[in-house]
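[1] please find the sequence and the predicted model below.
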Amino acid sequence: DSDFISIFQGQLKDLDGVTAFAVDIGGSLAKIAYYAVHRHRKTSFRDPSRGGHEGARALYHMEEEEGEMGRLHFAVFETKHIGLCLDFIRSKFALEGFSDMPHHVHATGGGAHKYAQLFQEKLGLSLKKLDEMDCLCAGVNFLLQKIPNEAFTFRQDRHPQHHFRHVSQNIFPYLLVNIGSGVSILKVDDERTYTRVDGSAIGGGTFWGLASLLTSAKDFNAILDLALDGDSRNVDMLVGDIYGGKAPASLGLHTDLLASSFGKAARSQKDAPQERFHDRDVAKSLLVMIANNIGQIACLNARLFGLKRIYFGGFFIRGRPMTMDQITNAVAFWGKGEIDALFLRHEGYIGAVGALLAEQQSCPRSPASVPVSLLQGASWEENFTHNHLCGNNVVSLLELDHRPRQFSAFPVLVDPARYRPDLSDLIANPEARAYWLELFREGVDKVAQRAAQSEKDSASASQRAEAFRKTYLEHLCILEKEPSVYGELSVRSILDLREQCLREFRFTDMYAGTKRAENEAALALLAAWLQRMDELPWEERQRALVGGLLAGNCFDWGAKATAERMELGQLDFMEEWDRIMTSVWAIDDSQAWAARLRRAPFQCVTMFVDNCGPDIVLGVVPFVRELLKHGAKVTLAANTVPVLNDVTFQELSFLIESIAGICPVIRAAIAAKKLLVMQSGSSSACLDLLQLDRDLCEESAGCDLVVLEGMGRAIHTNFHAAFQCASIRAAMVKNKRVAADLGLQLYDVVFRFAESPDSGMEKHSQDQLPLSA
């Protein structure tokens, strides 16, 4: 209880600006869903010609300013501490802000009836009771569509035990099985249509009640803990028990197949006068019996309606591996391997989410409510920063940050449903997981130091940097303890978590000054570099431009190997280009690329760019200029949110304007709208092609070449991505582990060109990759 109250007080401390909320009150837990507006820092850019204190020669001026961001929060209280829940609402939800609307709050769950009078007496709020099934369906739809890796399959005898399903807009139809005291089975057809098609009186309440009668345990969690050490075979009768060994072949039944739940207990006192069954075995037998019954009924309904996906939720599950495994086994048996049993990471919140959505629908004009279109139509990013360890337990607090732009899957992926961005699955590979967690742990002190130095004039910078350091280290401990707790685990997700923690402590762009200085220095070299490229013969120029693309990619503050050299001033673009041009490339499709460019120039190109400075100015721009000279329309996709020294959309927009003043080809392409700069929507140094800005996706529809530049976008992610069109992956390998996994060496360069699948041309290097890839 003291741990719980401590967590509650921590939640109270940091919350402010709440504008809407709803509650889901169950028998053991009460959940609150609420929307709050948070203030955060962001960097704005403006033209230096408008004046400023940084000098007229600056490429652009930067200013830190305050912005607003919406966030969905979810708080959990034990129902026995309902008083704490009421205190939370009274203290933080500014009830006077609801003066223009009826003093009611939407509520679902059995407690909406039980505690209605208490809410009225203590808060002056009436509880408007909502249909529980309405809220469940609305909540599941929302979580499945908005949170990547929300749904997963589970098997205890499989490694990894969790297999996550990516976010999808095509989730319908599906079967929803809610296991509370009884069981409700719903067929969900679309956002607003569902039908209760079946149910059962044998559910979680049955399990709890019978276990309370048959064992010494009375608390639900205590019964499950008891079952964890149990062996149902000591109580249940198996096929082998009936036949005294192997069953007749004509039956087709395995010896270990369950024949009768509690069958061994059906003995007279005369047969076994001294026999007493252990509580743990009885509890396990009960669990298997209930799970088998629910699984069979669910599969019968799925077969009846031709459905392949069954989502299970309700208090009976509670994320317990043993319970999920028993349900999975039941569905696998009765569904004959044709039906998936799926679970939700946040299934405990689905009722509260659904109630909040209903709150917004019923009060669309209230100043205290959030438009339902914002909740349902918006994109959201799960925020993990406030999850923490409490003793040996991971406290997972669901929070979702509002992303102001709409997101879609990249339109030229061959099969978005099968696309997986990451090169490495760190849940499936414990040795790789240990390596990467330790690498990020070793680097956290330097990141914190850099963060503090980036705001040396701020009195709070050192304190915030230390808070970041401790928070991120705690998350690394969490991932070490429970690798699947945040969904899929990869280099991308560990890096994104670090950036999220930095932003939470108001370090929004700690490389901003460094990036501007590198951009300005590279711009000073551009004219001479372009002239040098133009003087080369055509064939030689194509390889030289690719070499420049690879040389520029060295300038990466996110890679330890190159960051150390950059700190010491040991990296020079011209020297790197000379080295690359005289070395053997690990993957070299430059000849095939030049032949394709000469034979049939591309019409529409989307290029995902990487770093500021020499990378974008001396590497990307000359390469893009050549494409423009061959008649292509090029869209440069840059990050929306700053991360490391990656160029952002705002920075690139200013850069291209300056480059247009140097290069007539770039200037003419901008005027003809043949060169576009667009935001990718990304806040990552890697790239998930399922989560891209919708405007970029619309512009990229029908493109005939995709260029992925940089290690994060072309190797850590998307190395195996399949496109409907031609593609290029260009990067330098800047990590020893990645190099070894791909059968390469540190600082090897990769230029991998693949024709479109329907071109009939050879696939070049993708057929020649090392087996270890």
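    Looks like it came in fine. Numbering: from 1, shown residues only.
[2] can you list the weak-confidence ranges in the stretch 151-300 of the chain?
    167, 169, 267-275 (pLDDT under 70).
[3] and the helices in it?
    204-214, 220-228, 239-243, 279-305 (DSSP state H, counting those that start in this stretch).
[4] need the winner for burial among these.
    Highest mean neighbour count of these: helix 279-305, a mean of 22 (counted as mean count of other C-beta atoms under 10 Å). To be clear about C-beta, it is placed using only N, CA and C from the backbone, and glycine gets the same treatment.
[5] which elements pack onto that helix?
    strand 174-179, strand 183-188, strand 194-200, helix 204-214, helix 220-228, strand 309-313, helix 321-334 (3 or more C-beta pairs under 8 Å, 6 or more residues apart in numbering; DSSP states H and E).
[6] out of those, flag the one nearest residue 161.
    helix 321-334 (7.0 Å; C-beta to C-beta).
[7] what about the spatially most central residue of the chain, distance to residue 690?
    Nearest to the geometric centre of the chain sits residue 148, at 4.6 Å (C-alpha atoms, centre = their mean). Remark: distance between residue 148 and residue 690 (C-beta to C-beta, to the nearest Å) = 8 Å.
[8] residue 739 now?
    To residue 690, residue 739 is 27 Å away according to C-beta to C-beta.
[9] which residues of the stretch 301-450 of the chain score low on pLDDT?
    If you take pLDDT under 70 as the line, the stretch 301-450 of the chain has these spans: 359-377.
[10] try 80 this time
    359-378, 390-396 (pLDDT under 80).
[11] show me where it has its helices.
    Using DSSP H, counting those that start in this stretch, helices in the stretch 301-450 of the chain cover 321-334, 350-362, 372-377, 430-454.
[12] for the longest one, packing partners?
    Secondary structure elements in contact with helix 430-454, counted by 3+ C-beta pairs under 8 Å, 6+ apart, are helix 461-481, helix 491-504, helix 736-741.
[13] any idea which helix or strand comes after the second one?
    From helix 491-504 onward toward the C-terminus, using DSSP states H and E, the following helix or strand is helix 512-534.
[14] can you give me the angle that following helix makes with helix 430-454?
    Using axes from the mean of the first three to the mean of the last three C-alpha atoms, to 10 degrees, the inter-axis angle of helix 512-534 relative to helix 430-454 is 110 degrees.
[15] and helix 512-534, what does it pack against?
    Using 3+ C-beta pairs under 8 Å, 6+ apart, helix 512-534 sits against strand 61-78, helix 538-552, helix 621-629, helix 649-660.
[16] now the third one: how far from the chain's centre is it?
    Centroid separation between helix 621-629 and its chain, computed with C-alpha atoms, centre = their mean, to the nearest Å, is 34 Å.
[17] which strands and helices sit next to that helix?
    Secondary elements touching helix 621-629 (3+ C-beta pairs under 8 Å, 6+ apart): helix 512-534, helix 538-552, strand 604-608, strand 633-638, helix 664-671.
[18] turn these into TSV, including mean neighbour count, mean pLDDT and distance to residue 597.
    Formatted as TSV, the helices and strands packed on helix 621-629 follow (neighbours: other C-beta atoms under 10 Å; pLDDT from 0 to 100; distance: least, C-beta to C-beta, whole Å):
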stretch	mean neighbour count	mean pLDDT	distance to residue 597
helix 512-534	17	95	15
helix 538-552	21	97	7
strand 604-608	23	98	11
strand 633-638	23	98	13
helix 664-671	16	98	16
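[19] ok, which of these comes nearest residue 441?
    helix 512-534 (24.0 Å).
[20] using CSV, write out every CA atom in that closest one.
    C-alpha atoms of helix 512-534 as CSV (Å, rounded to 0.1, in the frame of the first residue of the first chain):
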residue,chain,number,x,y,z
ALA,A,512,21.2,22.9,-32.9
GLY,A,513,24.2,25.1,-32.7
THR,A,514,26.6,22.4,-34.0
LYS,A,515,24.4,21.6,-36.9
ARG,A,516,24.2,25.3,-38.0
ALA,A,517,28.0,25.7,-37.8
GLU,A,518,28.5,22.5,-39.8
ASN,A,519,25.9,23.6,-42.4
GLU,A,520,27.6,26.9,-42.9
ALA,A,521,31.1,25.4,-43.2
ALA,A,522,29.9,22.9,-45.8
LEU,A,523,28.1,25.6,-47.8
ALA,A,524,31.4,27.4,-48.1
LEU,A,525,32.9,24.3,-49.9
LEU,A,526,29.9,23.5,-52.1
ALA,A,527,30.5,25.6,-55.2
ALA,A,528,34.1,24.3,-55.7
TRP,A,529,32.9,20.8,-55.0
LEU,A,530,30.2,21.0,-57.7
GLN,A,531,32.6,22.4,-60.2
ARG,A,532,35.0,19.5,-59.5
MET,A,533,32.2,17.0,-60.1
ASP,A,534,31.2,18.7,-63.3
